[in-house]
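**Student:** Here you go, sequence then predicted model.
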Amino acid sequence: MIPATNLLILGAILFSIGVIGVLIRRNAIVIFMSIELMLNSVNLTFIVLARQLHSLDGQIFVFFIMTVAAAEVAVGLALIISAYRLRATINVDEINLLNG
């Protein structure tokens, strides 16, 4: 069995990579992928802590996070496709749809 500390360190590394991806990248699809990476690292952390505490609460949270992530991907991709059709780019610096 893999020690819990190694899995928690892996979750922290994955979360850090996701944060860096959100802050540095300007492509909307890469930003959404980074957000998904952050959500999956939180899921990993919840599973590890649930296993350590011999509780099912962490697994229930993971189920809800996966549900919200699936909805976020569906809505996010619809918004990206709509913005691409209007502006012909998915670079978030060039998309300024809220300007009048």
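**Tutor:** Received the coordinates, thanks. Residues are numbered from 1 along each chain as shown.
**Student:** okay, now residue 5: neighbour count?
**Tutor:** Other residues near residue 5 come to 9 when the count uses other CB atoms under 10 Å. All C-beta spots, glycine's among them, are computed from the backbone N, C-alpha and C.
**Student:** Which elements pack onto the helix or strand containing it?
**Tutor:** Mapping residue 5 onto the secondary structure by DSSP states H and E places it in helix 4-24. Under the contact criterion of 3 or more CB pairs under 8 Å, 6 or more residues apart in numbering; DSSP states H and E, helix 4-24 touches helix 28-53.
**Student:** List the buried residues for the helix it packs on?
**Tutor:** The neighbour-count check on helix 28-53 (16 or more other CB atoms under 10 Å) flags 28, 31-50 as buried.
**Student:** buried stuff in the helix holding residue 5?
**Tutor:** 7, 11, 14-15, 18, 21-22.
**Student:** Can you list the low-confidence ranges for this protein?
**Tutor:** Judged by pLDDT under 70, the chain has its weakly predicted residues at 97-100.
**Student:** again, only using 80
**Tutor:** Confidence mapping of the chain against pLDDT under 80 gives the ranges 95-100.
**Student:** Just give me the longest helix of it.
**Tutor:** helix 57-87 (DSSP state H).
**Student:** Show me what it is packed against.
**Tutor:** Contacting helix 57-87 under the criterion 3+ CB pairs under 8 Å, 6+ apart are the following elements: helix 28-53.
**Student:** quick one: the helix it packs on to helix 4-24, angle?
**Tutor:** Going by axes from the mean of the first three to the mean of the last three CA atoms, to 10 degrees, helix 28-53 is angled at 160 degrees with respect to helix 4-24.
**Student:** ok and helix 28-53 relative to helix 57-87, angle-wise?
**Tutor:** 180 degrees.
**Student:** elements contacting helix 28-53?
**Tutor:** In this structure, helix 28-53 makes packing contacts with helix 4-24, helix 57-87, judged by 3+ CB pairs under 8 Å, 6+ apart.
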